[in-house]
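Peer 1: Below is the structure, and that's it, no one-letter string:
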């Protein structure tokens, strides 16, 4: 059932121009950044050879590509997710799902899975660029795997928050604005709060604030560290917002 | 209307039972939106093979009631039982027995007709092996086979309405609930949709909401009239016609006698003047004064030129019921 809804969402996404525009622009920006960094790397390669323990191509070229990808997703996910629930409510097609023998959890997970498949496609296409480097050299596959996992989890965090925003209103644009505000607000408060709290020695509030800061958690992955606390923080954020979405939709049924 | 079905056995599937069994039963259904009560204590029940007309002026609570019957909206009070399954206790099992076409058909414009109906079948958990046949049957039943490959968004409103109905029947539900299915259609399309609904009524129980009165007369077996969220009438179509209280003759006389003379004819209950020469004569059901009237007219040269049984339209009953309610309130 989740797969049916996810498939339907994916189909709807690709039958509208937004998905194609996002994919194209993302690819343009990422490939430009990638080539620029590769060019810079080639110029300093000789000097790096003489430095002991110097960073390699994966660290200097590949990881920044994913970092850019993460920033673009911060803007793209609210736009991609805005229609998930809000548009169905505006077009009154939500009734089809609500009348079918489906639980709210199935509906929410189906929608989330559909969006995640699209975001994984974005990450997959991004990964083609570093893989092209294999034609002329070697990559640090450990770091590559870590950064891909990190960006996938980050995308899932964004998707869960944006999905919740889409449950709050029947206007897709409003949903996008809410999602973007939530994400930006979370990043800023999470970032500053956790640093500030840690400086004062308040470790527990700092640790909690880190849950709200997916981009900070991503940093660990970008260094090639599989920090279990970061993983737990991100999973927690995803689960909390999915549960909030389910509850929100239940409330719609109750309150009308 | 008989009230409860609580003694009705709780059956997991309607399929196994005889034709007289009750498919939908709602008891004391109420819904409040803040301080406003949209539906107040509506009770209804429906047997297999029956078409129930749900009638009422705009804002009477028809759509709200239907949303509750289909599990789209939680009632503030009351219970809903579909094929022996409680909608509030086991919503998934209950919803599996229901097909719903809301006022605005929930169409995905970017899908083709066949893709859309297939999606509806999947969402209603039609087994993979049976899905192809079920979709084809629903398309054929709604006359959509020729447009199966077209995008839903490009179809005319009449066809979109049929796609909406196909979506509601693809999983062969025991109960089909249609909210104003003929609104905005042209007369030909209306006739086609009505025929389709009659077809549906043979195998399924159908609840049909409308504010078009002739539609109820032509399609439904039973009628529930709502007004301000309350049931003001619930009976068969015949019962509705009888409810009006006796029958009426429309009589035209060139040399009319005094109304008292007409009223004195055996069986006549009431005489109303209708213009200079016309009269509306009401009579009780068992005492038809037509023969006596004709005889007297000939004997006394009243110059009888018109004698028509006036149609008691549902319209009159409806106006009477809903107005009465307003006066009472």
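Peer 2: Good, I have the coordinates. Note that the structure is a prediction, hence the values are computed from the model and not measured.
Peer 1: can you list the residues of the stretch 151-300 of chain B near chain A?
Peer 2: residue B:167 (Cβ under 8 Å from any Cβ of the partner chain). (Glycine included, C-beta is placed from N, CA and C.)
Peer 1: Mind jotting down where the helices sit in the stretch 151-300 of chain B?
Peer 2: B:157-169, B:187-203, B:213-219, B:237-243, B:259-263, B:290-299 (DSSP state H, counting those that start in this stretch).
Peer 1: could you dump those to TSV with mean pLDDT and mean neighbour count?
Peer 2: Output for those, formatted as TSV (pLDDT from 0 to 100; neighbours: other Cβ atoms under 10 Å in any protein chain shown):
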stretch	mean pLDDT	mean neighbour count
helix B:157-169	90	24
helix B:187-203	85	16
helix B:213-219	80	19
helix B:237-243	72	16
helix B:259-263	81	14
helix B:290-299	85	15
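Peer 1: what's the closest of those to residue A:74?
Peer 2: helix B:157-169 (37.5 Å; Cβ to Cβ).
Peer 1: got the buried residues for stretch A:137-149?
Peer 2: A:139-140, A:143-144, A:146-148 (16 or more other Cβ atoms under 10 Å in any protein chain shown).
Peer 1: Can you tell me the element the closest residue in space to residue A:154 that isn't next to it in sequence falls in?
Peer 2: Among residues not flanking residue A:154 along the chain, residue A:218 sits closest, at 4.8 Å (Cβ to Cβ, 6 or more residues apart in numbering or on different chains). Following DSSP states H and E, one finds residue A:218 within helix A:214-222.
Peer 1: now what about that helix, what contacts it?
Peer 2: A:63, A:66-67, A:70, A:74, A:146-147, A:149-151, A:153-154, A:157-158, A:186-187, A:190-191, A:194, A:210, A:226-227, A:230-231, A:233-234, A:237 (Cβ atoms under 8 Å, 6 or more residues apart in numbering or on different chains).
Peer 1: Could you turn the buried ones of those residues into a PyMOL selection?
Peer 2: In PyMOL syntax, the buried subset of the contacts of helix A:214-222 is picked out as below (16+ other Cβ under 10 Å):
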select buried, chain A and resi 63+66+67+70+74+146+147+150+151+153+154+157+158+186+187+190+191+194+210+230+231+233+234+237
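Peer 1: Smallest gap between the stretch 101-250 of chain A and chain B, at which residue?
Peer 2: Residue of the stretch 101-250 of chain A nearest chain B, by Cβ to the nearest Cβ: residue A:101 (4.3 Å).
Peer 1: Can I take it that that residue is in a strand?
Peer 2: No. Using DSSP: H, G, I helix; E, B strand; the rest coil, the assignment for residue A:101 is coil, not a strand.
Peer 1: Assess the claim that it and residue B:90 are in contact.
Peer 2: No. Residue A:101 is not in contact with residue B:90 according to Cβ atoms under 8 Å; the separation is 9.8 Å.
Peer 1: Looking at these two, which is more packed in?
Peer 2: residue A:101 (20 against 13; other Cβ atoms under 10 Å in any protein chain shown).
Peer 1: and the gap between the residue nearest to the spatial centre of chain A and residue A:244?
Peer 2: Nearest to the mean C-alpha position of chain A, by Cα atoms, centre = their mean, lies residue A:155 at 1.3 Å. Taking Cβ to Cβ, to the nearest Å as the measure, residue A:155 falls 18 Å from residue A:244.
Peer 1: Just the endpoints, please. Distance across stretch B:98-115?
Peer 2: 21 Å (Cα to Cα, to the nearest Å).
Peer 1: hang on, the earlier thing: so the residue nearest to the centre of chain A, which state does it fall into?
Peer 2: Per three-state DSSP, residue A:155 ends up helix.
Peer 1: I'd like the average pLDDT over whichever helix or strand comes after the helix holding residue A:218.
Peer 2: Next helix or strand after helix A:214-222 toward the C-terminus (DSSP H and E): helix A:228-255. In this model, helix A:228-255 carries a mean pLDDT of 91.
Peer 1: Counting by contacts, list what helix A:228-255 packs against.
Peer 2: helix A:83-90, helix A:104-132, helix A:141-167, helix A:203-211, helix A:214-222 (3 or more Cβ pairs under 8 Å, 6 or more residues apart in numbering or on different chains; DSSP states H and E).
Peer 1: roughly how far apart are the closest residue to the residue nearest to the centre of chain A other than its chain neighbours and residue A:104?
Peer 2: Leaving aside its sequence neighbours, residue A:155 sits nearest to residue A:119 (Cβ to Cβ, 6+ apart; 4.2 Å). Using Cβ to Cβ, residue A:119 is found at 22 Å from residue A:104.
Peer 1: Those two - which one has more neighbours?
Peer 2: residue A:119 (22 against 18).
Peer 1: who's in contact with the more buried one?
Peer 2: Here residue A:119 is in contact with A:73, A:77, A:80, A:152, A:155-156, A:159 (Cβ under 8 Å, 6+ apart).
Peer 1: could you redo the last one with a cut-off of 7 Å?
Peer 2: Listed by Cβ atoms under 7 Å, 6 or more residues apart in numbering or on different chains, the contact set of residue A:119 reads A:73, A:155, A:159.
Peer 1: so which residue of the stretch 151-300 of chain B comes closest to chain A?
Peer 2: Counting by Cβ to the nearest Cβ, the stretch 151-300 of chain B gets nearest chain A through residue B:167, at 6.9 Å.
Peer 1: if I read this right, that residue contacts residue B:120, doesn't it?
Peer 2: Yes. Between residue B:167 and residue B:120 a contact is recorded at 4.2 Å, counting by Cβ atoms under 7 Å.
Peer 1: Can you check which residues contact both of these two?
Peer 2: With Cβ under 7 Å, 6+ apart as the test, residue B:167 and residue B:120 both reach residue A:96.
Peer 1: Cheers, nothing more for now.
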